[in-house]
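# return atomic coordinates for the entry below.
(2 chains)
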Amino acid sequence: MSDAPLAIEAGPRRAAPRTVLIGTVLVSIGIVMAFAVMVAAYAQLRDSAGGTTDAWVPSGVTFRNAQLVFTLMTLVIGSVALQWGVTSSRNIDANNTRTALALTLAFGALHVNMMLFSVDAFGVGIGEVWSNLVFTITGAGIALSGVAMAYVAVALLKAFGGQLGVSNPTIPGAAVFWNVHVGIWFLIFFAIFAVK
Amino acid sequence: MTLTETPPESAPTTDPAAAPVLPEASPTALGWFDTADHRRLGRLFIGLSLVFGLLATVLDAIVKLDRADASGFVLLDGETWEQTLWLSLDGFTFLMLLPLFCGIALFVVPLQLGVSTIAFPRLASASFWGFVMSSTILISSYAINGGPGGGDADGVELYLLALAVLAISLTAAAVSIATTVLGLRTPGLDLSRVPPFSWSALVTSLMMVLALPALVGLLALLYVDHRYGRVTFGGNVGVGAHLDWLHLHPQILLLAVPTLGIVLEVVPVAAGKRLPSAAIWQGLIGGFALLSFGAWANQALVDNVFTFGSSGRVLVEEMLYIGMAGLAVLPVLGVVGLAAATFRGGRPKLSPALVLALVSTLMLLGGVTLAALGSLIDATLADETFKLRATTWRDGTYGLIVLGGALGGLSAGALWWAPKMYGRTLNPVLAYLQVLAFLGGVTLVAVPSLLGGGIWDLSYGPLSAGDGASEAMAALAAVGAVLVFASVVLLLLNLLLSILGKGGEVAGDDPVGGHTLEWSTGSPPPAGNFESEPAVTSERPLLDAREAAEEQA
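Take a look at the predicted model:
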C-alpha cells in the first residue's frame, strides 16, 4: 500500500457495529417469507377445495384447541421472559439475565412438547392433501422453535461467560428472533387451527 | 485466516487510528479450505461459478441445437431434452449468476466500504461450502434421472433437497453481504455515499433474502408431497410447473440488478465525471430490484400462472403482471439515461469492461421492453391459439435479460475488478474477443428466437413440425449459444493466462483511475484491506483527493 496514488486520511473510531442485530433481522425476514409461502399455499389449496372446513379437513381429525391455545400463550410468556433478560443484560445484572434466559428456554421446551402432542393427536396420517400441508407447516414451525431455542441457549452460555450488555449482542438478537418466531406461530395458529 | 480466530466484527479496536489487525491467511493450499477471508471466498465463488457457467452454456447450446431439427432430436431424447433444459436454466440462475454476483460482492463490497472484512465471515465461508456441496448433489440428481420431470422418484427428491440447500447457502451469502453494507461502513460513509455497486449488492441481497427463502418454503411443500402420496402438486411433472417462475419474468430480473450498479460504477470512472444525485440512481436501482420480486407469481399461490396454449385468462395476462413488467422498463431506461448524461462532454476511456457494461445494459433494456410488450400482446390479442409466451419469444427475452443483461454485466464486473482481485491486468485482446463473442452470441440467441416466435410461431418446446425458416432460426440460436459459451471460455482463459500464467502486467493500486475506496489500497489488497479505516466525506473520495491535488498543483 505504500505506493498508493492518493492517501486517504484515517477516520475516527467507528461505533460498535450492530451486525448481529442486522443479520438476525435479515434472517428473520427470510424465515417469514418461507412460512408466508407455505401458509399462502395452504390457503390457496383450501379455497380450491371449496373453501369450507367440511370440504377441506379430513373427517376424524381432532383439534386439541385447549392445548393449542396454551402452547401459544407459553410462547408469549417466553417473549416476556426474554424481554426481562434483555433489560437485565442492559443493566449488567447477571443473575436476572441468566434466570430470564433459562426460563425462556424452559417455555420453549414446553411449547415443543405440547405441539408434538397436538400434532400427534390429529388422528390422521400423512399422505393426504390436508395432512401433507399441515405436517409440513407445523413440522417446520417446530424446527423453527428448536432454532430459536438454540439461539437463546447461545445467548445464555455467553451470559454465563460474563458477557452482558453491549458485549453480548446475541441477547437482543435472540429476542428479535424469538419474537418473530412467536409471530409465525400466531400466523400458523390462525390459518390452520382457527380458520382451519 | 482460519475459522478459529476472533471474529473480526467483534474484535475490539482500542486505538482510534488503528485498523483491526487480522492474521495472514495460511499460505498453503489448506488455507483455501478453512478460509473465512472475504478476498479468498470471493475468488472461490467467482472461479467455481465460471466453471459451472461452462456447463450451463454448453447445455444451453445442446438444447437449442436439438430444437433445430423438426424431424427428431439430434443428441437427446424427449425426456432428457426437458431435463437438460432445466439443468441449463438452473445452471444459469443458481450455479452461475447468483454465485458470480456473491463472489464479486464478497470481494469488492468490504473494499468499497473501507472495512477490513465482510460481516459474518464464517457464515460466508459456510455459504461457499454449502454451495459446493449442494451444486454437486444437484447435478448428480440430474445424472440419476432426477430433476423436474425426471423418471426416478428418488432423483427428483434429491433435486428438491439439493435446490433447497443451494437456496439456503446463497441466502447466507446474501445476509453476509447486506449486513456488511448496512452495518459495517467506514466513518463518514453513510448510505447515501455508498458506491453504486455496493448499493446494487445491498438491494440484490435483500431481494435474495426475500425470494430464496420463499423458494425453500415451496420446496418443503413439494418434497413432502412428492415423498408422501403425490396428491397435491402433480408428482414429477408438477415439480417443473411449480418451479417455472424461477426462470420467468419478473424473477429473472433479480439476476440483472447488479448490472445496473456495475455500469454506474464503470461509466463515471471512464468519463472522469460524477454521477448526479445519489438519490436518483439509488432509487432507480432499488425500484428495479423491487420489481424483480416474483415469488408471488408461482403456481402454488395462483390458479394459473402460465399455461402453454391455454384458453382463458392467466396471471401473465392480468394488469398487475403487465403493469409490473412495464414499470421495470423505466429504471433501466433511467440508468441508460444517466450513463449517457455522464458521458456528455467527457472523453470516455474505452476498455473491455466499459464496452461490455454498456452493451449488457442496452440488452437488458431491450429484454425488459420486449418482455413487457409480449405480455401486453398476449393479453390484448383476440386469437387464443397464438400466445407469444408459448413460442421462442420467451427464449429471446430470456436471452436478452439473463445472458445479455445479467451475464454480461457480471462479466464486465469481473473484467473491471480483476486487476484489484488478482494483482495483474488482463489481456485486452482476449477481453475484447470475449466482448465480441458475447455480443454476437446474445444477438444470435435473441434475434432469431424473437423472430421465430413472433413471425413463425416457433414453439418454445422441441419442434414437432417446421419449415426451413423456423429450423434456420433455431439453428442460428444454437450458434449464438455456442458463442456465449465461447465468451465464458475466453474470460476463464484470460484469467488463467494473465493471473495463474502470470502473463498480465503487475497492476498498481489504481490501474483504472478509480473514484472509490477499493482503488486506494494494494492490488491485491493486503490482509485487513487498509492500513487504517479511511475517513470519507463524499461519495467519490479518490476523485476528490485527485481534484484537490490538481488544484494545489
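
# point out where the stretch 1-150 of chain B drops to low pLDDT.
For the stretch 1-150 of chain B, residues meeting the criterion pLDDT under 70 lie at B:1-27, B:70-75, B:78.

# kindly recompute the last result at 90.
Within the stretch 1-150 of chain B, the ranges that satisfy pLDDT under 90 run B:1-36, B:63-82, B:147-150.

# which parts of it are helices?
B:38-67, B:78-90, B:98-112, B:121-143 (DSSP state H, counting those that start in this stretch).

# what comes up buried for the shortest one?
What it means is helix B:78-90. Neighbour counts using 16 or more other CB atoms under 10 Å in any protein chain shown place B:Thr80, B:Trp81, B:Glu82, B:Gln83, B:Thr84, B:Leu85, B:Trp86, B:Leu87, B:Ser88, B:Leu89, B:Asp90 of helix B:78-90 among the buried residues. Placement of C-beta: from N, CA and C, glycine included.

# so what touches that helix?
B:56-57, B:59-60, B:62-63, B:66, B:73, B:76, B:138-139, B:142, B:145, B:147-151, B:163, B:240, B:246-247, B:462 (CB atoms under 8 Å, 6 or more residues apart in numbering or on different chains).

# identify, from the buried residues of helix B:78-90, the entry nearest to B:Pro428.
Closest approach to B:Pro428 among those (CB to CB): B:Ser88, at 30.5 Å.

# before we move on, the earlier item: most tightly packed of the helices of the stretch 1-150 of chain B?
Among the helices of the stretch 1-150 of chain B, ranked by average contacts under mean count of other CB atoms under 10 Å in any protein chain shown, first place goes to helix B:98-112 (a mean of 28).

# so that helix versus helix B:121-143, what angle?
170 degrees (axes from the mean of the first three to the mean of the last three CA atoms, to 10 degrees).

# pull the CA atoms of helix B:98-112 into PDB?
Extracted C-alpha coordinates of helix B:98-112, given in PDB (Å, rounded to 0.1, in the frame of the first residue of the first chain):
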ATOM      1  CA  LEU B  98     -26.100 -15.700  -8.300                       C
ATOM      2  CA  PRO B  99     -22.800 -17.200  -7.100                       C
ATOM      3  CA  LEU B 100     -20.900 -15.000  -9.500                       C
ATOM      4  CA  PHE B 101     -22.700 -12.000  -8.000                       C
ATOM      5  CA  CYS B 102     -21.900 -13.300  -4.500                       C
ATOM      6  CA  GLY B 103     -18.200 -13.700  -5.400                       C
ATOM      7  CA  ILE B 104     -17.800 -10.200  -6.800                       C
ATOM      8  CA  ALA B 105     -19.700  -8.700  -4.000                       C
ATOM      9  CA  LEU B 106     -17.900 -10.600  -1.200                       C
ATOM     10  CA  PHE B 107     -14.600  -9.400  -2.600                       C
ATOM     11  CA  VAL B 108     -15.400  -5.800  -3.600                       C
ATOM     12  CA  VAL B 109     -18.100  -4.600  -1.100                       C
ATOM     13  CA  PRO B 110     -15.800  -4.500   2.000                       C
ATOM     14  CA  LEU B 111     -13.100  -2.700  -0.100                       C
ATOM     15  CA  GLN B 112     -15.600  -0.100  -1.300                       C
END
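
# near chain A at all, that helix?
No. Contact between helix B:98-112 and chain A is absent, the nearest approach being 12.2 Å (criterion: CB under 8 Å from any CB of the partner chain).

# how big is the angle separating that helix from helix B:38-67?
In terms of direction (the same axes, to 10 degrees), helix B:98-112 departs from helix B:38-67 by 150 degrees.
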